[in-house]
Structures are given as C-alpha cells and as structure tokens.
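# kindly generate the corresponding structure for this input.
(chains A and B)
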Amino acid sequence: MALFSRTPRAPLEYSRTLWMRLWVGAVMVFLYAPLVVLIIFSFNDSKRNVVWRGFTTKYYEKAMGNDQLVEALLNSLTIAALATVASLVIGTFAAVMLWRFRFPLKGAIDGTISLPIIVPEICLGVAFLMFFAAVDWPTDLIWPFNLGAITIAHITFCFPFVTMVVRSRLATFNREQEEAAKDLGASEGQVFRDVLIPHIKPALVAGALLSFTLSLDDFVITYFTSGPDTITFPVKVYSMVRFSVTPEVNAASTLLIILTVALTFVALKLQGVKAIAETH
Amino acid sequence: MAEQDWKTNKRVFAAVSLPTLFWVIVFFLVPMAIVWLYSFGENKGLTEIEFSGTLENYKRATEWLYVTIFGKSFAVAALVTLICLIIGFPVAMAITFASEKWRPWLLLGIMLPFWTNLLIRTYALMMLLGTQGFANKGLGALWEGTSWIKTLVGLQPLPTWEPVQLLFNNFAVVFGLVYVHLPFMVLPLYAALDRLDRSLIEASLDLGAGHFRTIMRIVVPLAAPGIIAGVMITLIPALGAYLTPDLMGGTDSQMIANVIERQFKKANDWPFGAALSFLLIYAMFALIAIQSMRKKVPEIR
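Numbering: from 1, shown residues only, chains lettered A, B, ... in the order given. Have a look, this model is predicted:
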C-alpha cells in the first residue's frame, strides 16, 4: 500500500487505501460495463449481438426509420414535458402549503402527499388501470390529448418528489425577506413571484430534472395506463426486448442514454456537481 | 419559523391547497379506493364485477401457492438489500472520505446509472449475462486458464467448458435487482456518513481501536438511521419489483408484482389482483411501521 502513496496517508483518508480504491473501481465497472457494452454493440454490423463484425451506423438509421419507435419516443418526451410542468406547479403549491400554514389534519395530508412515493409502482399502475376503466376515460382522442391518462398517472408519482426538494429548500428561507417585501408594499403574488420563487429556484431545477427523468423512465405504471395507440418509449422497447434482442434496440437505447447524460450535464452547468448531489 | 394559521389568510391558503388537495384526492385516493373496493368483489361474467363484500379474494391469497410467492419475494428483496448494503457501505465510506475534488464526481458516477432508464439497464445486463454474453465468455476463459495451468503442473486438464445458464433463473433476478438498486443504497448511506462527527472516529483510532473495530463500534451505530433509511429505500422497491423478475427470471422466479400483473392481463381476475395489491401495500406499511418504531427507541433511552 505504502508503495503507491507519495505522502503518508492520514488515518481518515480511507479512500486512499488500495482495497478501497479497488472496491470502488469494481463497483463502477459493475455499474457501467453493461451500459458500455450496450453502446459499443449498437455499432456492431451483425444481426445477432454476440460477435463483433465491424463498425456500422445502419442500426441507428433503422431505429430512426422505425416510425413506431420514433412515435413512442415523441410520446414519451411529450408526456415527460407535460408531467414536469404540472408536477412543478402542484408540487410547489403543496410545499408552500405545508411549509407556511398550520391547518387541521396536517399530518395526515402531509403523509398522503408522500404516499405515491412509497406505494409500489405495480399497485399504482393497477389503481390507474381500474380508475380509468371505472370513469370510462375516452381512448379515441387525437394527439396529444390521448396521452392524458398516462400524463395524469405520471404527475401523481412525480409531484411528491418536487414537494420534497422544494420543501427542504424552503426550510432555509429567511422569513424576514418576505416581511420586508410586504412592508415595502408587495402583494402576496409579488412576494411569491419576486422573493420566494428566486429563492427556491435551485430546488425547482432539481425537481424538474427529477420529474422529467422519472416520467421518461417509467415503465410499469405506463404499461397499465397505455392503450394500443399510446405507446411510450419504454413500453415499445419492452415489447422489442420480449420479441428479440437486436442491435436496433441497442441503438434506440443508446440515444436515450445520450439524452439522459445530456440532461444531467445541462443540470450540472446550471447548478454545479455539488448542488445536484446534495439535492438527492 | 412560526407557521401561520390557515384562517388568518384563507385566500392564499385556498390558492395553494386546492390544486394539491384536488389532485391527491381525485387522482390518487379515488383510484386507490377503487382498488380497495374491488378487492371485496367477485367476478360475475367476463367484464361484470359485483361488490359483494366477500373475503374470498383474501382467503385465496392465503393458499400455499401465494404464501410461498410472498415469502419468496420477501426473501429475494432481503437478500438483495443485504448484498447492496455489503457492496454499498465501503463505496459510501470512500465517497465520504474522498478529497473535495473527487467526491462530487464519485457521487455523479453513482447517480448517473440511477437516472438511466431502468428498462435499458435491465436489457444491458441481459445482453451481458446471456449464454453467448461476455460474462460467460469471461468465465470460459478463466476455466480454460485453470485447465491449462493444471496441465502445466502435470495434472489432468478440466473437462471442456460448457456455457452456464446465467439468465432466466433466480440468480439472474437477484443479480439484476442488486444492479438496479445499488444507487438507492449508496446515496442515503453517504448522506448519513457525511453528517458524522469525524473527531469521534479519530478519537477511537487514537485510543487504540483498529479500523475495523472503529467502523463496527463507532461508525455503524452512529450512522444507523442512514443505514436503516438505505435498507428501507432498497427493500421497498425490491419487494414490488416487476420488470427484473419478468425479463430476467425463469418460470420459478415470479415475484408478487408478476402475479398481480397476471391477474390484470392474462388471468383477468381483477378482484383477486386488487386483493393482492392491497396485501403488498399492507406489507409496505408494516415495514414502515417497524422502522418508525425502531427510530423512537433511542429517544426513550
């Protein structure tokens, strides 16, 4: 061990011990190797995934030419965008309500709002399936209104996360700022817009990112709420994986991974690595 | 930080509470109530369901077949949580004590897979674990290597390598669930360890305890709330996992979620599926109740 470290290791520098480094390195390999292999093999010129037969981008062309897949991706992005906006509004209102007011049944309401995070996905999916069947939700609407059912389901499990991050940010808000603004003649609306919103902006960015990825990621709940005309990207990939494992799935997956990484880096640019890490 | 009474400013309270309450009631509580009602109903004909207040569905859930599936799901989830804890704890330690420069990047390294689509991650793992995948090739090469070394020292070579079945069995389910849930464990562990008072660890080391003893006697008890949080955050989704056992499991690796799904798609027995869903939810509540009970113990002492 001592061979590798130039300066003597302080007792608490656990991350400088060799076995710790090996352990972390092995975990990173474990987490990333499957994804790296998936990306590499999306460029493989072979119908089956197993042997490397040379570089090609034809599976990307094939994936982009697959109308159903492109439509599913568009649906997913639309749903994620709509669910994010609605979750931000509802989630922020809920956070402000719980932070600012004292009211009857507060504990029960507080618990109920975070319940969608705890209830297993499968149960939530089943609940929405039964709910939309019971209210006879119309299924023959034109795009994008046919995505309504899925979007509603996504908002329900996304907004509690927004509430969570916004609430922890509100805890650091200095009430005197609000009072000062009011003394200077600001209305409730103005205080909300010009004092509160700027303060919670980092939480809003984090909440938006969280909602967007959660919505884009969701398979189980969507699987129960989607109809034959409202396929989302994960549902489409699921049926492709069940049917057969092809480089086309790899290509489509790679595109989504790139999108996720890009989103993460946008968030990093906006907030810095540390702030992002802390919101989790 | 005085909270305002809602009566002092009813207009603002209504503005912030009504959208939330409307959404929670209409699009969460009502759907859940429908499931609950259905769990006391029975099938009459193909699409007709009668709410007869029967307990037949819950009685059916106590049949041996379903009890074993519940038990197995718990066992798998517990095993996954344990493995995640063993793998994740040193990683969380390493992140906590990493230099300022490295820490955010290590955290990002853990979080990026967490943000990547679950289905894509499961699919990537399936590619790797297949009979023609790299995991098998790696094991095969290791096997050949051992065989070669054995011949070098004059022993009988090993029999020729047969690809092992790494996919579509219980092993694959556990492996896949660990892969998917590891970040869930590491992040709360890190949050707990980061809050730890380092001088206590230094004191323990100064007083002659070894690193291992310090970790077991000082770090683990102090980080217990975070460890329990990590265990819960991993255990709950692992217990309700659907995708991993569905795609990576074999016919004998069904978990509760798969059985529930079957009641709604193939078997078309909604009341029974509803009853199973609520049993799963009750199990979650029981776990959370146990956790909050344990949290109160140190306060009493």
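
# now tell me which helix or strand of the chain has the poorest mean pLDDT.
Using chain A here. helix A:273-279 (a mean of 52; mean pLDDT, DSSP states H and E).

# you answered for a different chain; I wanted chain B.
strand B:48-50 (a mean of 73).

# list the buried residues of that strand.
B:I49 (16 or more other C-beta atoms under 10 Å in any protein chain shown). From N, CA and C alone the C-beta is placed, and that goes for glycine too.

# partner strands of that strand, with direction?
strand B:42-44 (antiparallel) (DSSP bridges).

# how far is the partner strand from where the chain is centred?
Mean-position distance between strand B:42-44 and its chain equals 34 Å (C-alpha atoms, centre = their mean, to the nearest Å).

# just the residues contacting it, thanks.
B:I49, B:E50, B:S52, B:T54, B:E56, B:N57, B:D269, B:W270, B:P271 (C-beta atoms under 8 Å, 6 or more residues apart in numbering or on different chains).

# switch to 6 Å and redo it
B:E50, B:S52, B:T54, B:P271 (C-beta atoms under 6 Å, 6 or more residues apart in numbering or on different chains).

# stretch A:116-127 too?
By C-beta under 6 Å, 6+ apart, the list of residues contacting stretch A:116-127 reads A:156-157, A:160, A:220-221, A:224, B:28, B:31-32, B:35, B:240, B:242, B:257, B:260, B:277, B:280-281.

# so which of the residues you listed belong to helices?
A:156-157, A:160, A:220-221, A:224, B:31-32, B:35, B:257, B:260, B:277, B:280-281 (DSSP state H).

# if we can go back for a sec, pipe the contacts of strand B:42-44 into CSV and attach secondary structure per row.
Formatted as CSV, the contacts of strand B:42-44 follow (DSSP: H, G, I helix; E, B strand; the rest coil):
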residue, secondary structure
B:E50, strand
B:S52, coil
B:T54, coil
B:P271, helix
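
# quick one, which of those residues are buried?
Neighbour counting with 16+ other C-beta under 10 Å marks B:P271 as buried within these.

# with distance to B:P188 added, can I get the contacts of strand B:42-44 in TSV?
Below are the contacts of strand B:42-44 laid out as TSV (distance: C-beta to C-beta, whole Å):
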residue	distance to B:P188
B:E50	45
B:S52	44
B:T54	42
B:P271	37
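
# what is the lowest-pLDDT residue among the contacts of strand B:42-44?
When these are compared by pLDDT, B:E50 scores lowest at 74.

# show me the shaky parts of chain B.
Regions of chain B meeting the criterion pLDDT under 70 cover residues B:1-2, B:45-47, B:131, B:294-301.

# and if you look at the stretch 1-150 of chain A?
Those would be A:1-16, A:48-50, if you go by pLDDT under 70 across the stretch 1-150 of chain A.

# quick check: domain ranges of chain B?
Residue ranges for the domains of chain B, per automatic domain parsing: B:56-130+B:166-300, B:132-164.

# got the residues of the stretch 1-150 of chain A near chain B?
Applying C-beta under 6 Å from any C-beta of the partner chain, we find that the stretch 1-150 of chain A lies next to chain B at A:11-12, A:14-15, A:20, A:23-24, A:27-28, A:31, A:34-35, A:37-38, A:49-50, A:90, A:93-94, A:96-97, A:100-103, A:112, A:116, A:120, A:122-123, A:126-128, A:130-131, A:134.

# I'd like to know which of these are part of strands.
A:F101, A:R102 (DSSP state E).

# from the residues of the stretch 1-150 of chain A next to chain B, list the buried ones, please.
A:14-15, A:20, A:23-24, A:27, A:31, A:34-35, A:37-38, A:49-50, A:90, A:93-94, A:96-97, A:100-101, A:112, A:116, A:120, A:122-123, A:126-128, A:130-131.
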